[in-house]
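Visitor: missing the sequence, but the structure's below:
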């Protein structure tokens, strides 16, 4: 079998050659002229295909520095926090996660130690401790054998056995010593006692350990424990004047000073020195100490919880001697 091969078409020669070549040239010329005409029309330019008036996005100055890749995304600065949410979403999340500031709580007049009631504006007592004027406290009364009436306040024997020991918390390192307290029982009975002792833990805040004689004024001692309320007094029946005592062993080189028979609780005791008044630290056994002797034997200034100050002059250092004065705190 023979295989037939097709030969390459032979170029046509003759008169038709010039016609064939001339047509493309004419079409090319016409196209060039048309392009020139369009280019010369008003409003035409390089932005062909974009509607007239369309805005062009321009990158803010400096973006190229933050976008070295030219990708259109700006890399955050080193250490800057990143977030996947847009700014508006981030702000919404932040507002939801941050609670509103709580309204300020109203001022409370309650006092630790189970207060029964409190005055919103008690009388001025700038130096009062836990036991404050015009404030009622709740607690229980118990009884103890008071002996001769001496106790942690170191006042010595008491002629009047209407006395009590204050619980450790409200005793407050002897700040309660000498305070007069009105005690009321649920049965309506009441009595006024003077604090001369401390009732150690586990005596609870608000608890008073009364002498057996004082407890008997409220209820039968066989009861053992009695629910009570109590409050601070500034009694009319206090001694006419208070007294001062130097502790055993006191001298001009070291001394302890104590106030006795004061109507209102003592807040501070000072001695006069060459440099002025010097406030002495208070011990839990109810003496104010000048460990270096500075001020021992000089004038003494005593301040009660209301801020009243009494000055005592001319008392010698006489250890363990009760020395009367001519002053007393005012009744409140």
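Guide: Happy to help now that I have it. Quantities reported herein were computed from a predicted structural model and do not represent experimental measurements. Numbering: from 1, shown residues only.
Visitor: pop the domain breakdown of this structure in here.
Guide: 115-233, 243-324 (automatic domain parsing).
Visitor: mean pLDDT lowest for which of the ones you listed?
Guide: Note on the domains of the chain: domain 115-233 shows the lowest mean pLDDT, a mean of 92.
Visitor: for residue 191, helix, strand, or coil?
Guide: Secondary structure for residue 191, judged by DSSP: H, G, I helix; E, B strand; the rest coil, is strand.
Visitor: list the contacts for it?
Guide: 162, 182, 183, 214, 217, 218 (C-beta atoms under 8 Å, 6 or more residues apart in numbering). For every residue, glycine as well, the C-beta is placed using N, CA and C.
Visitor: quick revisit: in CSV: the domains of the chain, plus distance to residue 332.
Guide: Below are these laid out as CSV (distance: least, C-beta to C-beta, whole Å):
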stretch, distance to residue 332
domain 115-233, 6
domain 243-324, 6
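Visitor: and of these, who's closest to residue 331?
Guide: domain 243-324 (6.5 Å; C-beta to C-beta).
Visitor: show me where the stretch 101-250 of the chain has its helices.
Guide: 168-171, 212-216 (DSSP state H, counting those that start in this stretch).
Visitor: just those: most buried one?
Guide: Most buried of the helices of the stretch 101-250 of the chain by mean neighbour count (mean count of other C-beta atoms under 10 Å) is helix 168-171; its value is a mean of 22.
Visitor: which strands and helices sit next to that one?
Guide: strand 190-199 (3 or more C-beta pairs under 8 Å, 6 or more residues apart in numbering; DSSP states H and E).
Visitor: in the strand it packs on, what counts as buried?
Guide: Applying a neighbour-count criterion of 16 or more other C-beta atoms under 10 Å, one finds 191, 192, 193, 194, 195, 196, 197, 198, 199 buried in strand 190-199.
Visitor: repeat that for stretch 309-319.
Guide: Buried residues in stretch 309-319, counting neighbours by 16+ other C-beta under 10 Å, are found at 310, 312, 315, 317.
Visitor: stretch 284-300 too?
Guide: With burial defined by 16+ other C-beta under 10 Å, the residues of stretch 284-300 counted as buried are 285, 286, 287, 288, 289, 290, 294, 295, 296, 297, 298, 300.
Visitor: show the contacting residues for residue 194.
Guide: Residue 194 touches 158, 160, 162, 163, 164, 178, 179, 180, 181, counting by C-beta under 8 Å, 6+ apart.
Visitor: for residue 182, see how far away it is.
Guide: Noted for residue 194: a distance of 11 Å to residue 182, by C-beta to C-beta, to the nearest Å.
Visitor: with residue 217 instead?
Guide: Residue 217 is 12 Å from residue 182, by C-beta to C-beta.
Visitor: for residue 130, same thing?
Guide: Taken as C-beta to C-beta, the span from residue 130 to residue 182 is 17 Å.
Visitor: do the same with residue 134
Guide: Separation of residue 134 from residue 182 (C-beta to C-beta) stands at 12 Å.
Visitor: and if you look at residue 258?
Guide: Counting by C-beta to C-beta - residue 258 and residue 182 are separated by 25 Å.
Visitor: out of these two, which sits in the busier spot?
Guide: residue 258 (24 against 15; other C-beta atoms under 10 Å).
Visitor: the more buried one bridge partners, please.
Guide: residue 245 (DSSP bridges).
Visitor: no more questions from me, cheers.
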